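> Take this sequence and fold it.
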Amino acid sequence: MNYKNLFSYFKNNVEEIYFDSAATSIKFDEVIKAQSEYDLIYAANAHNNLFKNAFLSNQMIIDTRIKIKNFINATDEKEVIFTSGTTYSLNQLAFGLKPYIKENDEILLTELEHSSNLLPWMVVAKEKKAQIKYLALNNDYSIDETNLINQLNKNVKVISFAVNSNTLAIKNNVERIVEVVKTYNKNILVILDLAQSIIHCKTDVANWNVDAIAFSTHKMFGPFGLGVLWAKKDLLNSIEPLLYGGGNNIDIKKNDYKLAQIPEKFESGTLNLSAIYAFNKCLDIINEIGLDNLIEYPKTLKDYFRNNINDIIKSKFKFYNLENEEPIILFNLINVNSQDFGAFLNKKYNISVRVGKHCARLTTNVIGAHSTIRISLSIYNTKEDIDILIKALLDYDSWIEEMI
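Now for the predicted structure:
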């Protein structure tokens, strides 16, 4: 199937080779259409059932929760919370758990985490005089499951990590990690950042036995400004919301208030209704194409790249994750500033890449590079795109004259 036909963006940007899907994916045409459709046809705010479109709005929210529940293999749609994105979801979890964290407690992360899964925990740890510690990694940069047991102790309260790194694209063995953790102490909370993995591997919260997950819809061909927080009901009932206001309470007196039940407890104010409506359509398209197809196709492109680069490219460029199959290629032209060569790729070959630290600043400690070029592949990329990329890499020697 020619997936590119599902994205009119490329009709408006015919020459562009878009290799920045880890930052944000291009949106399905039907998703873009749906966002306008909600505003043109329904337009109503939720929290009211007194007229037809308000009723339909509330039903749409429920229907979308159910579709998300099924997509992540949860058991109760009331555990699905709408947020503004992964960042908000992870902040809600970290700061919601602040009363649970005591002095000298430990929060285990990895050095590959995105800032959204580092800074909230750091702030909480600093305030509560707890400690942040970092999990040992294997040579392929995945979490070292065999050493994990040695890092567990009575002070560990939370373990949080990305299923897929947004830089090195490793895929952590969630089931095995959770098994080790929960066998040691079932009360240790395991929280997952799924921003990168949500469209690159099957999410199965029931079989994984994790406590909470967070992801953004714009990473999976959906709208900006919408995220999902899922957590076990007991956890959601035990933490307080970050925001308070309309919709998340059922009673207010002069000196007291009573919060709504989940999920409304965490959804004060007006939700991003046009985005929720569009994401509902997005899930239909994903299910129609088949998640397995969406997972496997970008991997074939990375495999194609790996099999077609020659020794010249391998000698002139430093590749940090070429061995794994996940659809990100992280690299640098040896002894050349990544910003310069990234700009060259765009200026001469219309290749759009991401350059820098990729909001994962501690990754420098792991790979020894302060800045890198990231190519992230998706279903709208083609082997022809890869051929042009290889041609551009072979043209490495002309980057200076092109940029002058």
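> gap between the residue nearest to R374 when sequence neighbours are not counted and P298?
What sits nearest to R374 in space, not counting adjacent residues and going by CB to CB, 6 or more residues apart in numbering, is R354, at 4.5 Å. For glycine as for every other residue, the C-beta is placed from the backbone atoms N, C-alpha and C. For R354, the distance to P298 (CB to CB, to the nearest Å) stands at 16 Å.
> swap in D256?
Taken as CB to CB, the span from D256 to P298 is 53 Å.
> Which one of those two is surrounded by more residues?
For the pair D256 and P298, the greater number of neighbours falls to P298 (22 against 7), based on other CB atoms under 10 Å.
> pull the CA atoms of stretch 81-101 into PDB?
Provided in PDB are the C-alpha atoms of stretch 81-101 (Å, rounded to 0.1, in the frame of the first residue of the first chain):
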ATOM      1  CA  ILE A  81      -7.500  10.600  31.100                       C
ATOM      2  CA  PHE A  82      -7.300  13.300  28.400                       C
ATOM      3  CA  THR A  83      -4.400  15.700  28.900                       C
ATOM      4  CA  SER A  84      -2.500  18.200  26.700                       C
ATOM      5  CA  GLY A  85       0.300  15.700  26.000                       C
ATOM      6  CA  THR A  86       2.900  13.300  27.300                       C
ATOM      7  CA  THR A  87       4.600  16.100  29.200                       C
ATOM      8  CA  TYR A  88       1.500  17.100  31.200                       C
ATOM      9  CA  SER A  89       0.700  13.400  31.800                       C
ATOM     10  CA  LEU A  90       4.100  12.700  33.300                       C
ATOM     11  CA  ASN A  91       4.000  15.900  35.400                       C
ATOM     12  CA  GLN A  92       0.600  14.900  36.700                       C
ATOM     13  CA  LEU A  93       2.000  11.500  37.800                       C
ATOM     14  CA  ALA A  94       5.200  12.900  39.300                       C
ATOM     15  CA  PHE A  95       3.600  15.700  41.300                       C
ATOM     16  CA  GLY A  96       0.500  13.700  42.100                       C
ATOM     17  CA  LEU A  97       2.800  11.100  43.700                       C
ATOM     18  CA  LYS A  98       4.700  13.800  45.700                       C
ATOM     19  CA  PRO A  99       3.000  12.900  49.100                       C
ATOM     20  CA  TYR A 100       4.000   9.200  48.400                       C
ATOM     21  CA  ILE A 101       7.700  10.100  48.100                       C
END
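> Can you give me the neighbour number for V124?
23.
> Can you list the buried residues in the helix or strand that contains it?
In this structure, V124 sits in helix 119-128 according to DSSP states H and E. By 16 or more other CB atoms under 10 Å, the buried positions in helix 119-128 come out as P120, W121, V124, A125, K128.
> just stretch 72-80 next, same as before
Buried residues in stretch 72-80 (16+ other CB under 10 Å): I72, A74, E77, K78, E79, V80.
> in what helix or strand does I61 lie?
Here I61 is assigned to helix 52-72, by DSSP H and E.
> what is the rounded mean pLDDT of the helix or strand following that helix?
Downstream of helix 52-72, the first helix or strand assigned by DSSP H and E is strand 80-83. Strand 80-83 shows a mean pLDDT of 98.
> partners of strand 80-83 in the sheet?
If you go by DSSP bridges, strand 80-83 pairs up with strand 227-231 (antiparallel).
> The partner strand to helix 52-72, inter-axis angle?
Going by axes from the mean of the first three to the mean of the last three CA atoms, to 10 degrees, strand 227-231 is angled at 60 degrees with respect to helix 52-72.
> List the contacts of strand 227-231.
Here strand 227-231 makes contact (CB atoms under 8 Å, 6 or more residues apart in numbering) with 68, 72, 74, 79-89, 92-93, 205, 211-217, 266.
> What separation do you get for the closest residue to R361 other than its chain neighbours and A360?
Using CB to CB, 6+ apart and skipping residues adjacent in sequence, the residue nearest R361 is S115, 6.9 Å away. Look at S115 and A360: by CB to CB, they are 7 Å apart.
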